[in-house]
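Novice: Pasting the sequence and the predicted model now:
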Amino acid sequence: MATIIRSAAPKAASLGSSPGFLTFSGTLPVSGVSGVGYFSGPFYVETQTLNISYKRVPHFTFSHGSLNLSAGNLSPTLGGTYLALQVRPSVTKEKVYDWFETSSYTQPQRFTLYSASADYTGKTYGTPAAGTLCVQGNINTTQPWYFRRPWTAEDELKAQNWTESGVRDVITFVTHPDSIASSPLFPPPGSNHTAYSYRPIARSSTNCIKDSLLAVGEPNNTPQDSFNHLSISNLSFWHTVGGKTAGNNQVQVRTGSISNYPPGSNVNQFCYQATHTSNANHYWGALVQDNHMLGFKLGTYSVDQDATGDVQVLVDEIADIIAKNWNDGSSSIEYDYFVGPLLQQPFQKKWQSLTNHDYSKSRHYWGN
């Protein structure tokens with residue numbers, strides 16, 4: 001189900017070719033077609049996009065049940081559900097010499113929601129209303145924010161540090177400077193980063209619990225386990241039920257291998273998620289810890305809990321986390337940001353706090 005996102009107070013809308021697809025008029029083109037017009041460059045042009053994948057997952061807590069020498073159990077309590085998130089923002093800055101009909105122009109950022117009424121097991125939770133999140137889906141930028149104005153001397157100075165030699169700057173995410181800035185191989189701002197609201201945590205042969213997150217201030221040469229990529233599509237409900245028992249102990253779920261080496265091996269350990277199945281005997285348990293739990297709904301989920309206004313609230317909350325500066329006074333903890341695995345050696349598969357402080361929710365448009 002696809003819906004062009006707008007404010008929670010809808011005006012006229014027309015049904016498209018498929019049920020639940022809404023279209024709205026009023027999209028503004030970028031003024032001035034390249035190659036025609038009256039104003040030549042150079043111009044400063046900045047664009048902004050954001051694509052989001054989400055999956056509603058259960059949030060359980062566990063209390064101890066009976067335990068003896070032949071059997072044991074835990075008593076689960078469903079606290080509610082929340083949205084696990086995979087996000088990819090991008091801010092692009094360019095020096096452009098094209099001709100335009102106007103010297104400056106601004107176009108707002110608009111989104112389209114593609115939601116599904118059934119979860120990955122095929123179960124549905126009622127008949128959803130058009131324009132609501134339902135249980136999983138994508139929110140994609142279908143009209144980027146676009147800003148153009150004449151190039152200035154200040155732009156020329158700043159462009160010296162752009163990722164493409166003073167011509168173009170592409171910022172998806174930047175990694176936390178305190179943990180990897182001293183390495184010559186740290187990913188530059190233009191790296192192809194995707195980030196997540198959650199991070200893997202696994203049991204290992206050497207430590208009871210392994211956290212995937214590369215800690216701020218940790219020396220670059222400190223041994224660190226590598227965690228495979230765990231995308232939204234591979235995230236199961238069993239990954240997310242690892243809450244805490246009444247005794248404050250992590251609950252392990254037998255859904256994924258976290259090592260391709262047996263316990264006691266002297267070989268450097270790598271931690272894996274459920275997609276790694278090299279040896280079923282090594283399924284010691286893996287879980288994820290969500291850092292934000294956005295879109296929380298109390299109790300048993302039903303589509304009646306969803307409202308069209310939830311979309312704007314969610315996207316703007318995501319934007320606030322994306323744009324959070326490092327140690328800005330409001331947060332200095334690694335998992336207060338979105339996180340993701342790094343792409344380059346020696347930090348490949350090592351999860352890191354990520355941010356894009358050039359991103360701004362003020363560029364989002366929720367009207368007609």
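Specialist: Thanks, I have it. Residues are numbered from 1 along each chain as shown.

Novice: burial of Tyr38, as a residue count?
Specialist: By the measure other CB atoms under 10 Å, the count of residues near Tyr38 is 10. Yep, even glycine has a C-beta here, placed from its N, CA and C like the rest.

Novice: can you give me the helices in the protein?
Specialist: With DSSP state H applied, the chain shows helices at 153-158, 177-180, 237-240, 309-322, listed in chain order.

Novice: mind giving me a markdown table with those and columns for distance to Gly122, mean neighbour count and mean pLDDT?
Specialist: Shown next, in a markdown table, are the helices of the chain (distance: least, CB to CB, whole Å; neighbours: other CB atoms under 10 Å; pLDDT from 0 to 100):
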| stretch | distance to Gly122 | mean neighbour count | mean pLDDT |
| --- | --- | --- | --- |
| helix 153-158 | 51 | 11 | 95 |
| helix 177-180 | 41 | 18 | 64 |
| helix 237-240 | 13 | 20 | 80 |
| helix 309-322 | 23 | 18 | 97 |
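
Novice: Show the model's pLDDT score for Thr27.
Specialist: On pLDDT, Thr27 comes in at 35.

Novice: sorry, back to before: out of the helices of the chain, which comes closest to Ala71?
Specialist: Distances from Ala71 to each of these were compared using CB to CB; the minimum, 21.0 Å, belongs to helix 237-240.

Novice: which residues touch the closest residue in space to Ala195 that isn't next to it in sequence?
Specialist: Excluding its sequence neighbours, the residue lying closest to Ala195 (CB to CB, 6 or more residues apart in numbering) is Phe338, at 3.6 Å. Residues near Phe338 by CB atoms under 8 Å, 6 or more residues apart in numbering: 85, 87, 173, 195-197, 291, 321-322, 353-355.

Novice: ditto for Pro144
Specialist: Each residue near Pro144 by CB under 8 Å, 6+ apart is listed here: 47-49, 107, 109.

Novice: Compile the helices of the chain into a markdown table and extend it with columns for distance to Gly80.
Specialist: Supplementary listing: the helices of the chain in a markdown table, determined by distance: least, CB to CB, whole Å:
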| stretch | distance to Gly80 |
| --- | --- |
| helix 153-158 | 45 |
| helix 177-180 | 33 |
| helix 237-240 | 12 |
| helix 309-322 | 14 |
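
Novice: quick one on the thing from earlier: so which of the contacts of Phe338 is the most crowded?
Specialist: Ranked by the number of neighbours (other CB under 10 Å), the contacts of Phe338 place Ser353 first, at 29 neighbours.

Novice: gap between it and Ala195?
Specialist: 9 Å (CB to CB, to the nearest Å).

Novice: shared neighbours of those two, anything?
Specialist: Taking CB under 8 Å, 6+ apart as the contact rule, Ser353 and Ala195 both touch 337-339.

Novice: least trustworthy helix or strand in the protein by mean pLDDT?
Specialist: Counting by mean pLDDT, DSSP states H and E, the chain has its least confident helix or strand at strand 14-15, which shows a mean of 28.

Novice: What's the local residue count around Gln143?
Specialist: Burial of Gln143 is recorded as 18 neighbouring residues (other CB under 10 Å).

Novice: So what pairs up with it in the strands?
Specialist: Listed beta-bridge partners, Gln143: Arg110 (assigned using DSSP bridges).

Novice: what's the pLDDT at it?
Specialist: What the model reports for Gln143 is a pLDDT of 97.

Novice: Then Leu133?
Specialist: Reading off the model, Leu133 has pLDDT 97.

Novice: repeat for His229
Specialist: The predicted structure lists His229 with a pLDDT of 72.

Novice: Then the one 4 residues further on?
Specialist: Note for Ser233: predicted pLDDT of 88.

Novice: Low-confidence stretches in the chain?
Specialist: Within the chain, the segments meeting pLDDT under 70 span 1-37, 64, 178-192, 202-210, 215-225, 242-286, 327-332, 343-348.

Novice: how does it look with 80?
Specialist: The chain contains residues with pLDDT under 80 at 1-38, 60-67, 73-76, 176-193, 201-230, 238-239, 241-287, 327-333, 342-350, 368.

Novice: just the strands in the stretch 1-150 of the chain please.
Specialist: Using DSSP state E, counting those that start in this stretch, the strands found in the stretch 1-150 of the chain span residues 2-4, 14-15, 22-23, 43-67, 72-96, 105-107, 110-116, 136-143, 145-150.

Novice: Please tell me how far the closest residue to Ser231 other than its chain neighbours sits from Asn138.
Specialist: Once flanking residues are discounted, Ser231 sits nearest to Gln86: 6.3 Å by CB to CB, 6+ apart. Taking CB to CB as the measure, Gln86 and Asn138 are separated by 9 Å.

Novice: Now the common contact residues for those two.
Specialist: Looking at what touches both Gln86 and Asn138 (by CB under 8 Å, 6+ apart), the common residues are 52-54.

Novice: Most neighbours of all these, which one?
Specialist: Using other CB under 10 Å as the neighbour definition, the shared contacts of Gln86 and Asn138 reach their maximum at Tyr54, which records 26 neighbours.

Novice: The closest residue to that residue other than its chain neighbours: what's it in contact with?
Specialist: In this structure, Tyr54 finds its nearest non-sequential neighbour in Leu83, 4.6 Å apart by CB to CB, 6+ apart. Contact analysis of Leu83 by CB under 8 Å, 6+ apart lists 54-57, 133, 197, 294-295, 314.
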